[in-house]
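1. What shape does this take:
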Amino acid sequence: MPKANETVLEIDLGALTHNFNYLKSKLKPNTKFLAVVKAFAYGNDSVAIAKHLETLNIDYFAVAYAKEGVLLRDAGITTPILVLHPQPINFKIIIERCLEPSIYSSRILDEFIKIAETESQKDYPVHIKFNTGLNRLGFWENDVDSIITKLNKTKSVKVKSLFSHLAASEDQNEVEFTQNQIASFQSIAKDFKSKIDYVPWLHLCNTSGIINYPEGHLDMVRSGIGLYGFGNSTIEDQKLKPIASLKSVISQIHTIEKGETVGYNRAYLAQDFEKTATIPIGHADGITRVYGKGKGFVFINGKKAPIIGNVCMDMIMVNITGIDCKEGDEVVIFDGIHKASNLAESSGTISYEIITAISQRVKRIIISD
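-> Down below sits the predicted model:
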């Protein structure tokens, strides 16, 4: 790839293929694979990612909100799309665009049935979400009978799947809790299936569940962060390839004297003669103020340069004292070598947060498989 001459996010579809194949190798042949492409495919490009995964015969997609599914449909994506957190105001467009809602409460079930009946639907696919310990969204196990009662009163919807979400599948200190979640979900599913005359799919595992709990793979698994190159452990991170590289360029270099300050609020004080570089990326692009004052860093010609002072809206300043570089040189914020997870850890957060925060004003460059 040519060196960056502006702020860009390079998205490597070859790395995406590698990650998909690695995670797929963990599954039994008949276990389906759902790709989570919410939040612009974790800060990347949901359309480019989804189109590529369709060439790899992905079984399902999931998004958080209806408008994310509409974006994919408008781009020509035909694979089934699960909407994980739908709101009643969007139920009509969900049906119009052949999206499939997660039904997570009695209110949502009642509202969707009402719209489905108004739209003269028959057996419209819905996915029933159960809460098994995350305590975020989902029915409780004692809701099964009431759900079945509502379903038996309408022909407008049909349950495509039952699912739940693991709370701590990456945490080796929470193995017992996760195993209890798996057992609880299987018990709920057994009860539910005994009361209907067809067999919905079951899915539970996220990326860490795929890796750590093969007994929980069931009919389908869901992967988000793993597809984008992070396995939630040092060992698994080495087997995956981050698909995104965030790069920029040195706009200007300054030499400052001892006692001079840099940036807003004079937040950095030079301890000696020092060289600084100004880079066109800031908190409006996803590099938040938490990375300022030496917590965050970039790489210039392979050398680590700490961010100094406060992060500005459109710029950061870094200390390049001792680094051989010039104006116009490429700057790496993160890539496959200098990983986003390392930058995130420097400020006490996680890779999910930094990659999903990359602003849509940052130019995306797609590197073909």
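
2. and stretch 190-210, which residues are buried?
-> Neighbour-count burial for stretch 190-210 flags 192, 200-210 (criterion: 16 or more other C-beta atoms under 10 Å). For every residue, glycine as well, the C-beta is placed using N, CA and C.

3. Can you tell me which of the residues you listed is nearest H217?
-> C205 (5.7 Å; C-beta to C-beta).

4. Isn't that closest one up against H217?
-> Yes: taking C-beta atoms under 8 Å as the definition, C205 is a contact partner of H217 at 5.7 Å.

5. show me the contacts for the spatially closest residue to Q252 that is not a sequence neighbour.
-> Once its chain neighbours are removed from consideration, Q252 has its nearest residue in T278; the separation is 4.8 Å (C-beta to C-beta, 6 or more residues apart in numbering). Taking C-beta atoms under 8 Å, 6 or more residues apart in numbering as the definition of contact, the neighbours of T278 are 250-254, 315-317.

6. Now, those residues that are in strands?
-> Using DSSP state E, the subset of the contacts of T278 located in strands is 252-254, 316-317.

7. ok, those residues vs E119, which is closest?
-> After measuring the ones in strands among the contacts of T278 against E119 - C-beta to C-beta - the closest member comes out as I316, at 50.1 Å.

8. Now that we're looking at that closest one, what pLDDT does it have?
-> Here the pLDDT value assigned to I316 is 98.

9. do L218 as well
-> As summarised for this prediction, L218 has a pLDDT of 98.

10. the helices in this structure, which residues?
-> Assigned by DSSP state H, the helices in the chain fall at 13-24, 38-43, 46-55, 66-74, 91-96, 106-118, 144-152, 175-193, 207-212, 234-237, 340-346, 351-356.

11. Please list all residues in contact with A35.
-> 20, 49-50, 53, 58, 60-62, 222-224, 227.

12. Buried subset of the residues you listed as a ChimeraX selection?
-> One line in ChimeraX is enough to select the buried members of the contacts of A35, burial here meaning 16+ other C-beta under 10 Å:
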select :20,49,50,53,58,60,61,62,222,223,224,227
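
13. Tell me the one of the contacts of A35 nearest S347?
-> G224 (21.6 Å).

14. tell me the pLDDT at that closest one?
-> According to the per-residue confidence, G224 scores 97 in pLDDT.

15. List the contacts of stretch 167-175.
-> Where contact means C-beta under 8 Å, 6+ apart, the residues beyond stretch 167-175 that reach it are 133-134, 177-178, 181, 205-206, 208-209, 212-213, 232-233.

16. cool, and stretch 57-69?
-> Outside stretch 57-69, the residues touching it (C-beta under 8 Å, 6+ apart) are 20, 32-39, 46, 50, 53, 72, 77, 79-87, 90, 93-94, 97, 99, 220, 222.

17. Just the CA atoms of it, as CSV, please.
-> Written as CSV, here are the backbone C-alpha positions of stretch 57-69 (Å, rounded to 0.1, in the frame of the first residue of the first chain):
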residue,chain,number,x,y,z
ASN,A,57,-21.5,-17.6,2.2
ILE,A,58,-22.3,-16.0,5.5
ASP,A,59,-25.7,-17.3,6.9
TYR,A,60,-27.0,-14.2,8.7
PHE,A,61,-26.2,-10.6,9.6
ALA,A,62,-27.1,-8.8,12.8
VAL,A,63,-27.4,-5.0,13.3
ALA,A,64,-28.5,-3.0,16.4
TYR,A,65,-31.1,-0.8,14.8
ALA,A,66,-33.5,-0.9,11.9
LYS,A,67,-31.8,1.9,9.9
GLU,A,68,-28.5,-0.1,9.9
GLY,A,69,-30.4,-2.9,8.2
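
18. circling back to that earlier point, lowest-confidence entry in the contacts of stretch 167-175?
-> In terms of pLDDT, N232 ranks lowest among the contacts of stretch 167-175, with 80.

19. lowest-pLDDT helix or strand in the chain?
-> When each helix and strand of the chain is scored by mean pLDDT, DSSP states H and E, helix 234-237 comes last, with a mean of 88.

20. Relative to the whole chain's centre, how far out is that helix?
-> Here helix 234-237 shows a centroid-to-chain-centroid distance of 18 Å under the convention C-alpha atoms, centre = their mean, to the nearest Å.

21. dump the residue contacts of the residue nearest the centre of the chain.
-> With distances taken as C-alpha atoms, centre = their mean, the residue of the chain nearest its centroid is Y42 (3.5 Å). Residues counted as contacts of Y42 (C-beta under 8 Å, 6+ apart) are 36, 224-225, 228, 352, 355-356.

22. repeat for P214
-> For P214, the set of contacting residues under the criterion of C-beta under 8 Å, 6+ apart consists of K26.

23. at 10 Å instead, please
-> Neighbour list for P214: 26-28, 31, 205, 221 [criterion: C-beta atoms under 10 Å, 6 or more residues apart in numbering].

24. so can I have TSV of those residues showing distance to D12?
-> Shown next, in TSV, are the contacts of P214 (distance: C-beta to C-beta, whole Å):
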residue	distance to D12
K26	22
L27	23
K28	28
T31	26
C205	25
V221	23
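
25. neighbour-wise, which of those leads?
-> Top of the contacts of P214 by neighbour number is C205, holding 30 neighbours under the definition other C-beta atoms under 10 Å.

26. Next up, the contacts around that one.
-> 26-27, 31, 34, 163-166, 169, 178, 182, 211-218, 220-223.

27. Give me the below-cutoff pLDDT ranges for the stretch 251-369 of the chain.
-> Across the stretch 251-369 of the chain, not a single residue meets the criterion (pLDDT under 70).

28. cool, and the stretch 101-250 of the chain?
-> Screening the stretch 101-250 of the chain residue by residue with the criterion pLDDT under 70, one finds no matching range.
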